[in-house]
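Q: structure for the following, please:
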Amino acid sequence: MPLRDYQNELLTNAVTRYDGGRGLCKPFVVMATGLGKGEVIAHLPIYFELGEGWLKGKKMLVFVHRDTLLKDLAERIAFYNPGLKVGIDQGENVADLDCDVVCASVQTIGTNYYNRSKPDAPPMLDLGFMFADELPDTPEGFSNKRLERWNPDDFAIVVVDEAHHAAAETYRNVLRYFRVYKPEPEYNSNRLLMAFSATPSRADNLGLDGIFDEILRNKAGDLDILFGIKSGYLCNIEPEQVYTDVSLDDVSTRAGDFATKQLEKAVNTPSRNRLVVNDYLTCGSGLPGLAFTVDVQHSEDLAAAFIEGGVRAAAVSYRTPKAEQKRIIEAYKNFEIQVLVSSSLLLEGFDAPHSTVIMWCRPTKSRTVLVQGIGRGLRPYPKPEDVARFKASGITPPYIKKNCIFRDYVDTCKRHSLVGVNSLFGLPPKMRLDKPVLETVEEVQQLTLAKPGMKLDGLLSMQDLRSMATKIDLFTVPEIPAEVKKSSSYSWMRTGPGVYSLSLAQSPSGPDALMIQENALGQFDVFSSRNGVRQALKFMDTQVPADQRGLVRLTAAWRGGEATDKQIREYARLYPERRKQFNSPEDFIAAVRKQFSKGDVSRLIGARRAARR
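A: Numbers count the residues shown, from 1 in each chain. Next up is the predicted model:
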């Protein structure tokens with residue numbers, strides 16, 4: 001199957017930016033689940049011409065943390081690169097030393113066996129007959145014979161899948177060994193380290209910016225969920241919040257999310273489980289569904305509740321024997337099981353595109369965990385490419401998935417801040433949506449663009465927002481954010497989450513605006529500061545042209561003067577909905593000059609220009 005346009009563009013950008021090690025060499029790629037990062041990884045040897053030219057004799061390492069991901073990636077890479085030898089290094093599977101591409105389990109090659117304290121740990125597989133006499137140096141205090149078989153200098157490309165885990169110790173062990181961990185003195189800046197993830201943030205706040213250089217983007221921007229929905233490669237989401245009478249106020253927090261045992265005790269109740277089953281029977285009975293739970297016990301109890309309710313269901317977990325796991329998953333994929341219940345086993349690396357109803361039964365504070373769960377239902381069924389093939393052949397698919405139905409079971413919570421589907425798309429957390437996500441986001445953007453003074457926090461419905469948009473005071477001056485006042489002497493405005501803009505006068509010698517934007521690594525684009533908005537603002541202040549500093553300074557005397565005719569004309573052009581409130585131009589001009597100073601109108605004009613950009 002040929003690559004999609006955005007996949008081809010991403011790979012081309014990676015090659016261009018890398019340029020034989022002279023450019024970006026530690027890129028982080030954010031791709032929403034279902035957009036085909038496996039296809040991109042499988043084509044890396046082709047685009048980088050592994051085994052040819054300057055990479056002749058070099059190898060590629062791909063390491064992941066899920067067995068299911070490992071086998072799938074190895075098969076894809078072998079399929080698209082028949083001239084390369086692909087091996088799996090995981091458990092009892094030992095990749096040959098002459099492999100061109102090694103797909104490895106991070107648990108196998110990243111676990112530290114130096115002074116290992118667990119007396120019941122399984123013995124290492126004896127591979128002494130395969131080891132070279134001399135092995136490369138390893139990080140002090142680290143030893144792993146499976147990893148030490150490989151010479152780091154033989155590898156030109158290191159790929160990390162599900163890279164939001166990359167700050168974990170097992171991952172760092174591998175990155176150090178292959179000299180691609182930036183904090184280490186033996187760091188090799190010419191070796192390509194490429195990371196892929198749908199969820200580049202971590203609940204434990206361990207930074208990824210200390211490992212990777214920057215986000216690698218396409219011209220269209222990030223390949224996120226909204227991009228996938230708009231382009232037709234992902235399903236639209238029909239979200240619904242279903243409220244329960246369970247309280248989470250007594251549940252503690254561990255490592256950035258709820259303490260598992262306490263949370264399971266709170267939510268794994270017969271009444272809440274029956275609520276989930278009845279809701280499924282009401283909204284999605286007969287449709288393929290995935291229910292995500294807190295832990296194994298919760299999975300087993302909820303599956304039992306589904307079966308009691310007449311639904312063909314089964315639970316799978318790491319406790320389920322491998323053969324039984326495979327049988328249950330195959331039965332689900334063949335429509336023999338209606339609902340599959342799991343806690344964490346299916347969150348990553350599980351591919352069942354026909355999954356239509358996602359039942360989120362595990363409250364979370366982690367955006368990463370929630371995105372993983374929703375991602376299981378985003379893939380279209382059939383694939384867009386297959387739909388075209390079916391139509392050409394006159395074949396009717398056995399099942400056509402329209403949208404992803406996302407059911408979020410919301411418990412009472414005063415102490416904690418929960419992450420829900422709304423927060424993923426910048427929508428008010430408690431707002432009930434009456435349209436699919438894409439249409440809702442577009443409507444909210446249009447309303448807030450037209451009425452920039454609206455406060456969205458606390459809104460409970462889209463109707464509340466629509467009503468507010470008609471009642472809002474049309475003469476609200478955008479406030480200068482507190483963090484700007486502390487850090488900058490200029491009139492920066494916050495124009496979105498993590499986005500700050502400074503409008504400049506049009507000049508042939510310089511830009512008409514400056515902007516900084518926080519990216520998925522927690523850095524700020526423009527100059528990639530690790531130190532947040534304070535340093536970003538201070539740096540960008542130095543980029544203001546000298547001849548304009550007096551104009552944009554917060555304390556500039558001109559800001560207190562009367563709005564000019566030119567300002568009012570531009571204000572009238574940018575805010576037609578405000579101009580229409582008056583019966584005559586004279587009334588409009590008089591009202592503007594009475595209500596606003598020259599600086600106020602300047603900020604209003606800058607806010608609308610920034611929003612349109």
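Q: what about the stretch 451-600 of the chain, any weak spots by pLDDT?
A: Counting by pLDDT under 70, the stretch 451-600 of the chain contains low-confidence ranges at 451-455, 457-458, 468-479, 495-498, 505-512, 518-523, 525-537.
Q: which stretches in it count as helices?
A: Assigned by DSSP state H, counting those that start in this stretch, the helices in the stretch 451-600 of the chain fall at 462-471, 482-487, 532-541, 549-552, 565-574, 576-579, 585-595, 598-612.
Q: out of the ones you listed, the one nearest Ile88 is which?
A: Each of these has some distance to Ile88 by CB to CB; the shortest is helix 532-541, at 41.3 Å. All C-beta spots, glycine's among them, are computed from the backbone N, C-alpha and C.
Q: I'd like the helices of the stretch 451-600 of the chain laid out as TSV, including distance to Glu442 and mean neighbour count.
A: TSV is the format used below for the helices of the stretch 451-600 of the chain (distance: least, CB to CB, whole Å; neighbours: other CB atoms under 10 Å):
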stretch	distance to Glu442	mean neighbour count
helix 462-471	12	14
helix 482-487	29	14
helix 532-541	28	18
helix 549-552	32	16
helix 565-574	21	15
helix 576-579	18	13
helix 585-595	30	14
helix 598-612	14	19
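Q: tell me which of these sits nearest to Ala266.
A: Minimum separation from Ala266 across the helices of the stretch 451-600 of the chain (CB to CB) falls at helix 462-471, 30.1 Å.
Q: tabulate the helices of the stretch 451-600 of the chain in JSON lines, adding columns for distance to Leu346.
A: Below are those laid out as JSON lines (distance: least, CB to CB, whole Å):
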{"stretch": "helix 462-471", "distance to Leu346": "32"}
{"stretch": "helix 482-487", "distance to Leu346": "40"}
{"stretch": "helix 532-541", "distance to Leu346": "35"}
{"stretch": "helix 549-552", "distance to Leu346": "52"}
{"stretch": "helix 565-574", "distance to Leu346": "49"}
{"stretch": "helix 576-579", "distance to Leu346": "48"}
{"stretch": "helix 585-595", "distance to Leu346": "57"}
{"stretch": "helix 598-612", "distance to Leu346": "40"}
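Q: let me know which of the ones you listed is the nearest to Arg149.
A: Closest approach to Arg149 among the helices of the stretch 451-600 of the chain (CB to CB): helix 532-541, 41.8 Å.
Q: hmm, back to that, for Ala156, which of the helices of the stretch 451-600 of the chain is the nearest?
A: For the helices of the stretch 451-600 of the chain, the distance to Ala156 is smallest for helix 532-541, at 33.8 Å, taking CB to CB.
Q: picking up where we left off before, can you say which of the helices of the stretch 451-600 of the chain is nearest to Cys99?
A: helix 532-541 (42.7 Å).
Q: ranges for the helices of the stretch 1-150 of the chain?
A: With helices called from DSSP H, counting those that start in this stretch, the stretch 1-150 of the chain shows them at 5-18, 37-47, 67-80, 106-110, 145-148.
Q: before we move on, the earlier item: do you know which of the helices of the stretch 451-600 of the chain lies nearest Ser343?
A: Here helix 462-471 is closest among the helices of the stretch 451-600 of the chain (CB to CB), at 32.7 Å.
Q: for Val246, helix, strand, or coil?
A: Following DSSP: H, G, I helix; E, B strand; the rest coil, Val246 is assigned to strand.
Q: once you drop chain neighbours, what's closest to it?
A: Take Val246 and drop its neighbours on the chain: the residue closest to it by CB to CB, 6 or more residues apart in numbering is Asp411, 4.2 Å away.
Q: that neighbour and Ala591, how far apart?
A: For Asp411, the distance to Ala591 (CB to CB, to the nearest Å) stands at 49 Å.
Q: just Thr555 next, same as before
A: For Thr555, the distance to Ala591 equals 27 Å [CB to CB].
Q: now do the same contact list for Ser285.
A: Ser285 makes contact with Val311 under the criterion CB atoms under 8 Å, 6 or more residues apart in numbering.
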